[in-house]
Every structure is written in structure tokens, then in C-alpha cells.
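When you get a sec, could you give me coordinates for this:
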Amino acid sequence: MSASLAIILLLASTLTLLLLPFLPGLIVLWRKQDATPLRVVRSDDVDPRYFARRFRAYIRTNLESSMHGSRKAGDRQEGLLEGRTPYLLVTGENKLKLSEQEVQDREISRMLVSNADLILPDDLIFSLELFAGRTVRGGERNIYRAILADGDIVIGAESMLLRWMHAAGNVKVGPNSLLHGRVSSDSTVRLESGCRFERLHAPRIEFGKPESFSRPVKRLNPLESHEVRNLADVTGRRWLIDHKSELPSGRIVNADIVFTGEAWIGAGTHIYGSVKGHKDIFLGEGVRIMGSVVSVHDIYVGAGCEIHGPVLSEKSVNVGRGAIIGDSRSPTTISAKNIYVSLGAVAHGTVWTRLNGMVNGAASA
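Below is the predicted model of the structure:
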């Protein structure tokens, strides 16, 4: 073999080795087989009850026959589901009886399932899920992974939820509890004072005992655009207001309003439209807004306000006592990085905080 041929073969083999890692990519570029976007299923993000539905299906598949078979009240069945998940099935109304090891450790490392009520002691850690065919009634200072009930869920003060909780009935959470993940109900969720939360979803969400707010009935005069200070532009129903501005109390506004500066809306004013702001928005007592309230900064909802649309903030939402967000016929959303709600307020739909949610005030009766 000549020296020139050897050099050519060496260069060719070197070039082949260099191009080999790029071969799959070059084939894809040539054939265009993966030109469409990948399908991403986000049902777990969209549906607040996603984990509860999955867990219910899991229970039906593995334990339905045992739960509804001809078993006496108080019977217990233990075993492994799918060969790896330990479980304890109890039938009939049952106050949980612990093993000696569980009493010593104060931890339940089995999935608990009951076809009736499930009554739980204080100061326990439940490291796997709970299911009750009727009501789950938890003690104080417990830690739960996840709870599903076909009836109500009642958990005691200073408890902690790690993942999710759903009740076909009502959910009631005792004072100073910490709720990670999702809490949902087909009826009502009620949180007492000092509770911290992330995601709440129900037709009705109560923060302590609902407070009825006195709204005097009186004739309100319309507010015309020429009466508004710092009004920069009127286009159709939209009013654009510059700088720090205040709308007077006790008026009717038939417009969608955009504030470029800090916004103050006087007590008792009714706005038949939406409010958007680039700075803080302050709503006085008894303000009624038929649309949404959206701000890049903080939103302060005064006592007794009614907002029928979404309340969305890039920073914080503060909801005063007796305020009502949404209604039973038109559930809506409160979403912000931080959400602070006073006792007596009610929301309908979803309350979703990206960082911190808290119920403020003294415990209610």
C-alpha cells in the first residue's frame, strides 16, 4: 500500500468516527419524523381532584370486593397490595386500634381503608393514604400523607397534610394546621384561624365562621367619565386612568378600568366591569365588582366586598372579613404568590397560592 493511500484511508476513517455521533440527528433532520411537538398530559395540574380519582380507582380495583363482602363489623384484614403496599382494612364503625409497635413509634406505615367511619387518635404519623367509606375524623397534631372520604373529613388542630385531601362531603380543618398540596371537596371546605394552605377547591370555601356584612340599601348615582381625575383615555367601555387615583365612594361605574398607578376605590362603589392595575389596588368596604380584579402588585379587598370574577395578583392578595369572592352559580379563582384571608370571608371555586396562604384572625366558634 502506498503512503498516499494510507493517509487517505486514515483521514476517511477519522472523519467517519467524527461524524458518527451526529448520524441520528442528521437522519432526523432529513426525514422530519419528529417535527411535531411532544404531547404533554397535564390533567394532574388542571383537575384538582386528579389524585383522589386515581386513588379511588386503585381502591376499587384492589379492595372493592373485600370492603362490601359479607364481613362482620369490626373485622380486620391485613396484607400487601400488588405485593408491595401494606394495608389494613377494617369494616363497620371503628375506632382505630394500634399494634404495640405502632403505639411505640406513633407511626402507621400501612394504608388504612374502612367501609364506614374512621376515627383516629392524636399525635400520629400516617405515612400512607387513608380511605373511609363515610367520615374520617382525625385527632390533633397528626401528620397525614393523603386522605379520601366518601363522607366528611374533620381533622384536629395543629395537624399537617403532606400531599392531598378530598371529601365527597365537607372538609373541616382545625386551627393552626399546615396543608401542603391540594384540599378539595364536592361541597364545602372550612379552614380555621392560623391554617396555612396551598391549593383549595370546592363549591364553597369558608375561612372560619362566615360573617354577614351589613350592606345599606341606598340609591347610587352613576359616575361619568368626565368626573374622573387623571383620566387619560376612553375607548368604548375601557377607561385608562394615569397616576395614583381614587374613585369616589357610593357610585356606580359602567366601565372596565385600567389604572397605571396606585388605585383606590371608595367604599360601597359598584363597578359593572373589571379592574386592572399596574400598582397596588385598594378596595374600600362593601365595594362590589361584577368582573375581575387583576394587578401586577398587591390587591387589598376590604371587608364585605363582593367580587364575581377572578382575583389575580403577581404578588399578594389580602381578603378582608366578610368578603365574598365568586358565587355558587359562578365559581371563580383567587391566585397569587401570597394569599392572606381574614376570618369570615367566603370564596367559591379555587384559591391557589404559589408560595404562602394563611387564614388570619382568632379561632371561630
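
tell me how far the ends of stretch 232-248 are from each other?
Terminal residues of stretch 232-248 are spaced 18 Å apart (C-alpha to C-alpha, to the nearest Å).

How far does that stretch sit from its chain's centre?
In this view, stretch 232-248 has its centroid 33 Å away from the chain centroid, taken as C-alpha atoms, centre = their mean, to the nearest Å.

Same check on stretch 186-200?
Taking mean C-alpha positions (C-alpha atoms, centre = their mean), stretch 186-200 and its chain are 9 Å apart.

That one: which residues count as buried?
When neighbours are counted by 16 or more other C-beta atoms under 10 Å, the buried residues of stretch 186-200 are found to be 188-200. Just so you know, the C-beta spots here come from the backbone N, C-alpha and C atoms, and that holds for glycine as well.

In strands, which of those residues appear?
The subset of the buried residues of stretch 186-200 located in strands under the criterion DSSP state E comprises 188, 189, 190, 191, 196, 197, 198, 199, 200.

Now do the contacts for the last one.
By C-beta atoms under 8 Å, 6 or more residues apart in numbering, the contact list for residue 200 reads 182, 183, 184, 189, 191, 347, 350, 351, 352, 357.

Closest to residue 225 out of those?
If you rank these by distance to residue 225 using C-beta to C-beta, residue 347 comes first, at 32.1 Å.

pretty sure that closest one contacts residue 205?
Yes: between residue 347 and residue 205 a contact is recorded at 4.4 Å, counting by C-beta atoms under 8 Å.

one step back: which of the contacts of residue 200 has the most neighbours?
Of all the contacts of residue 200, residue 351 has the most neighbours under the rule other C-beta atoms under 10 Å, reaching 30 neighbours.

Is it bridged to anything, and to what?
Residues found in beta-bridge contact with residue 351 (criterion: DSSP bridges) are residue 200, residue 334.

State the distance from it to residue 121.
30 Å (C-beta to C-beta, to the nearest Å).

how many other residues sit next to residue 225?
12.

does the closest residue to it other than its chain neighbours have beta-bridge partners, and which?
Sequence neighbours aside, residue 234 is the residue nearest to residue 225 in space, at 5.2 Å (criterion: C-beta to C-beta, 6 or more residues apart in numbering). Here residue 234 shows beta-bridge partners residue 239, assigned using DSSP bridges.

what about residue 214, neighbour count?
Quick note: residue 214 (other C-beta under 10 Å) scores 8 neighbours.

Just name the shakiest helix or strand of the protein by mean pLDDT.
Least confident helix or strand, the chain: helix 43-46 with a mean of 58, by mean pLDDT, DSSP states H and E.

So which of the ones in strands among the buried residues of stretch 186-200 is the closest to residue 321?
Using C-beta to C-beta, residue 191 comes nearest to residue 321 of those, at 14.3 Å.

Kindly provide the distance from the closest one to residue 331.
17 Å.

so how far is stretch 2-12 off the chain centroid?
Once both centres are worked out by C-alpha atoms, centre = their mean, stretch 2-12 turns out to sit 69 Å from its chain's centre.

So what touches that stretch?
Surrounding stretch 2-12, not a single residue is in contact under the criterion C-beta under 8 Å, 6+ apart.

Contact partners for the nearest residue to residue 107 once chain neighbours are set aside?
Nearest residue to residue 107 in three dimensions, chain neighbours excluded: residue 125, at 4.3 Å (C-beta to C-beta, 6+ apart). With contact taken as C-beta under 8 Å, 6+ apart, residue 125 is in contact with 106, 107, 108, 142, 143.

before we move on, what about residue 135?
Shown here is residue 135, whose contacts under the criterion C-beta under 8 Å, 6+ apart are 117, 118, 149, 151, 152, 153, 154, 169.

what's the spacing between it and residue 281?
If you go by C-beta to C-beta, the gap between residue 135 and residue 281 works out to 41 Å.

for residue 121, same thing?
Separation of residue 121 from residue 281 (C-beta to C-beta) stands at 47 Å.

Same question for residue 143.
When C-beta to C-beta is the yardstick, residue 143 and residue 281 sit 38 Å from each other.

between the two, who's got more neighbours?
Neighbours were counted for residue 143 and for residue 281 using other C-beta under 10 Å; residue 281 has more, 26 against 16.

Can you name the residues that contact that one?
Contact criterion C-beta under 8 Å, 6+ apart gives 259, 262, 263, 265, 275, 293, 295, 297, 298, 299, 300 as the residues in contact with residue 281.

can you list the weak-confidence ranges in the stretch 201-350 of the chain?
The stretch 201-350 of the chain contains residues with pLDDT under 70 at 215-217.

Helices of this structure, residue ranges please.
When assigned using DSSP state H, the helices of the chain occupy the ranges 3-19, 23-31, 43-46, 50-68, 100-105.

and the second one, how far from the chain's centre?
So the one you mean is helix 23-31. If you compare the mean C-alpha spot of helix 23-31 with that of the full chain, they lie 44 Å apart, counting by C-alpha atoms, centre = their mean.
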